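# build me a structure from this.
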Amino acid sequence: MKLSSHNSHILWLTIATVFISTSGSLGKFIDMPIPVLIWWRSALTAVFLFVFCKNKKITLKIETHKDRRIFILASFFMAAHWITYFYALKLSNVAIGMLTLFTFPVITAILEPVFTKVKLDIIHVILGVLVLIGIFILAPEFNIENSQLHGVLFGFLSAICYAIRLLLLKNEVKKYNGTMLMYYQVVIMSILLLPFLIFGDSTNITSQYPYVILLALLTTAIGHTLFVNSLSYFKASTASIIGSSQPVFGIIIAYIFLDETPTSKTYIGGSLILITVIIESLRSKKK
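So this is what the prediction gives:
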């Protein structure tokens, strides 16, 4: 049975979401120092995206010096986002790491007035409170020595860094191809994180490289490219709603491959966070 054009695009968007969702299990599973792992992820992704851009004849020209400065600053926050996210996964579990990261749509909406002339919407404040309640439920106990609490805090910090990166690139996305933007970010991240490769421990790469390649190719290069391309067929709000299923897919993948079973608190807190994401996505569709 042949799929309609719309259903075909939905299928590819869902596949992209599943691919991106593997970041949780791979980030938890790969046994390497996190900054070193992020360097390998960035460098390998840069190679894959460079080949893709050349094959698709996507221009790699940056128009102005201002754009270059924005790319560098956005790449710094992208690196901080990936590193803190992977610490969240290591210190807690895939469910907590991914769910706390997915507070970023609401954080983005709350921070947007700082970066633009948009006025703060009271609804965003309410959604922000709901997100904080969800995080409170996710946190096992507020004991500074508890590693799962550390994971929640790192996940929340990762979401803030990701939101800032998105806001920095808000105007650039309209001017440049999404894959080209991602290419320059991973190139710059590779340069920024080079000291960690030089002075860090990369000895495990010989045993971990198949999983690192999966992370760079499947999760980042292919997953990101498919997701960005889907924006040509759907509104950003539609893609965001489908993309908000990433933690769900991530938890299922972690259950299958890592034998991680979420607690009842994870279901409750996670549901609250995902509901706020869907509400914000639906509201943005009406604007």
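
# any idea which helix is longest in the chain?
When the chain is scanned for its longest helix (criterion: DSSP state H), the result is helix 65-91.

# buried stuff in it?
70-71, 74-91 (16 or more other CB atoms under 10 Å). (C-beta placed from N, C-alpha, C; glycine too.)

# and what of stretch 182-195?
So for stretch 182-195, counting by 16+ other CB under 10 Å, buried means 182-190, 192-193.

# now swap in stretch 200-212 and tell me
Buried residues in stretch 200-212, counted by 16+ other CB under 10 Å: 200, 202, 208, 211-212.

# quick check: the farthest pair among those?
Greatest spatial distance in the buried residues of stretch 200-212: Gly200 and Tyr211, 17.6 Å, computed using CB to CB.

# hmm, back to that, list the helices and strands the longest helix of the chain packs on?
helix 5-29, helix 34-55, helix 94-101, helix 147-168, helix 172-175, helix 178-192 (3 or more CB pairs under 8 Å, 6 or more residues apart in numbering; DSSP states H and E).

# would CSV of those helices with mean pLDDT and distance to Ile253 be doable?
Converted to CSV, these look like this (pLDDT from 0 to 100; distance: least, CB to CB, whole Å):
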stretch, mean pLDDT, distance to Ile253
helix 5-29, 87, 5
helix 34-55, 96, 18
helix 94-101, 92, 8
helix 147-168, 91, 17
helix 172-175, 76, 28
helix 178-192, 94, 22
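
# highest average neighbour count across those: which stretch is it?
helix 94-101 (a mean of 29; mean count of other CB atoms under 10 Å).

# report all helices and strands that that helix contacts.
Where contact means 3+ CB pairs under 8 Å, 6+ apart, helix 94-101 is packed against helix 5-29, helix 65-91, helix 122-138, helix 147-168, helix 246-258, helix 264-286.

# switch those helices over to a markdown table; also include distance to Leu44.
Formatted as a markdown table, the helices and strands packed on helix 94-101 follow (distance: least, CB to CB, whole Å):
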| stretch | distance to Leu44 |
| --- | --- |
| helix 5-29 | 13 |
| helix 65-91 | 13 |
| helix 122-138 | 32 |
| helix 147-168 | 20 |
| helix 246-258 | 21 |
| helix 264-286 | 30 |
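
# closest to Leu282 out of the helices and strands packed on helix 65-91?
When the helices and strands packed on helix 65-91 are compared by CB to CB, helix 5-29 sits nearest Leu282, at 17.0 Å.
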